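>>> Build the 3D model from these lines:
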Amino acid sequence: MAVFVCRVGNPEGEVLGKEIQATSLKEAEAKLKDSGYHVFSIHKKIGLSFKGRKVPMKHFLVFNQEFLALVRAGIPIFNGLTLLSNRIKNPVFQRILQDILRMVKEGHSLSDSFLAHRDRFPAVYPSVLAAGERSGSLESVLESYIEHEHLLFTTRKKLRSAFIYPAFLVLVAALSIGVIINFVLPSFADFYKGFDKELPAMTRVVVSISLFIKRHILMEVGGILALILGIQWSLRTETGKRWLEKGILKVPLLRNIWREYVLSQFCRTFAILLEGGIPVLDALETLAYTNPSIHFSLEIQRASEMVSSGGKISSAFEESVIVDELTLDMIRIGEESGSVSGMLKSAAEYHDEDLSNLLGGVVSLVAPVVLLAMGVLIAALLIAMYLPLFDVTDIMS
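Next comes the predicted model:
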């Protein structure tokens, strides 16, 4: 999605500057008019965007907990933000809060002020604040959001922990094989040079690879670094993310983990927005560009179009590859009983539990496979090195 800079007037007669995400200028203008704004000017934001690092999630959660406590105590938002900006130790976060304070003082809403710094915070946060402002229940919306972010933070920690041990095994295997290829095999190659008899084919191949790697070590290290940097750069692009997700969706275990994570985030965020009084269509538009899955974001956009034509939420996601039958059934029940947000929360809890079970099985399944592959590869190298010595008498003669 592109970012459009707009100058609009609200129903109260105020002229405001806004930024909005949309796929085209017409769509951005339509969104503004649907929200009740009169559009004076609108143009696509151009130029290089040097995004800063996001505010650390630990600091952001602490900020929201303290902000919620101040809101509960009845302290005005501006005073509360002023107090918190003086307490923040992170200098980047402190400067951002001071700029947000300036915008609030100028008359901008809290959600628009945070939207101006959306690259530094979770993408859905400004929409959550807008939900609280629109419904007049900022306290309850913030409470739900904090609970949501705590669960996400815990889930991300579980994801990292689940893959740390297999990654450590791969690193140890790579280092071991590197030592064997670069130091051990060349010594054996020098030792075998004095033999007149031709070495076994397996030994010749391994020795040739070893000597080639040793001669071009600098070029190979540079190539590996370039590959890593290239992958990092490509994963920041939409095309790279799409290819990565396609790869994940083709691996059964990773596909299940990714789907449960995406669905959990979708259901819980959707519930928070609906509870805050955000209309279904606006909530779906927000979810379309804040969901971590590019594939699912496209499905949400298609679902939003169906809902805008009068369709039900559950019907709009019937063809989805990501949304499972259980989630669809819970949404249907919520539509019939008038408690969609409550059923979405229940669905999110189910997916959280399922995700925890899947992550628990990662180490027990992946670690033995990595160990087996590492053992087979190292054993093959050792056999290739010592194979000529099994018939050393014949070689020496």
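
>>> Walk me through the domains of this structure.
2-44, 57-150, 162-397 (automatic domain parsing).

>>> can you redo those as JSON lines with mean pLDDT and distance to residue 156?
C-beta coordinates here come from the backbone N, C-alpha and C atoms, glycine included. Shown next, in JSON lines, are the domains of the chain (pLDDT from 0 to 100; distance: least, Cβ to Cβ, whole Å):
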{"stretch": "domain 2-44", "mean pLDDT": "73", "distance to residue 156": "24"}
{"stretch": "domain 57-150", "mean pLDDT": "85", "distance to residue 156": "8"}
{"stretch": "domain 162-397", "mean pLDDT": "81", "distance to residue 156": "9"}
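
>>> Switch the ones you listed over to CSV; also include mean neighbour count.
Below are the domains of the chain laid out as CSV (neighbours: other Cβ atoms under 10 Å):
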stretch, mean neighbour count
domain 2-44, 15
domain 57-150, 17
domain 162-397, 16
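
>>> start to end distance for stretch 126-144?
14 Å (Cα to Cα, to the nearest Å).

>>> For residue 112, give its distance to residue 356.
Plainly put, residue 112 is 37 Å away from residue 356 if you go by Cβ to Cβ, to the nearest Å.

>>> again, but for residue 25
From residue 25 over to residue 356 (counting by Cβ to Cβ), the distance is 44 Å.

>>> Check which helices and strands the one helix or strand residue 165 maps to is in contact with.
Assessed by DSSP states H and E, residue 165 sits inside helix 138-179. Judged by 3 or more Cβ pairs under 8 Å, 6 or more residues apart in numbering; DSSP states H and E, helix 138-179 is in contact with helix 57-72, helix 125-135, helix 252-275, helix 340-386.

>>> Distance from the chain centre to the very next helix or strand once past that helix, please.
Later in the chain than helix 138-179, the nearest helix or strand by DSSP H and E is helix 185-192. Remark: helix 185-192 is offset 47 Å from the chain centroid, using Cα atoms, centre = their mean, to the nearest Å.

>>> what is the orientation angle of helix 185-192 with helix 138-179?
10 degrees (axes from the mean of the first three to the mean of the last three Cα atoms, to 10 degrees).

>>> so what does helix 185-192 touch, helix or strand wise?
When contacts are defined as 3+ Cβ pairs under 8 Å, 6+ apart, helix 185-192 packs onto helix 201-215, helix 340-386.

>>> Ok, which of the ones you listed comes nearest residue 121?
Of all the helices and strands packed on helix 185-192, it is helix 340-386 that lies closest to residue 121, at 21.0 Å by Cβ to Cβ.

>>> need the helices for the stretch 1-150 of the chain, in chain order.
25-34, 57-72, 77-87, 91-105, 110-115, 125-135, 138-179 (DSSP state H, counting those that start in this stretch).
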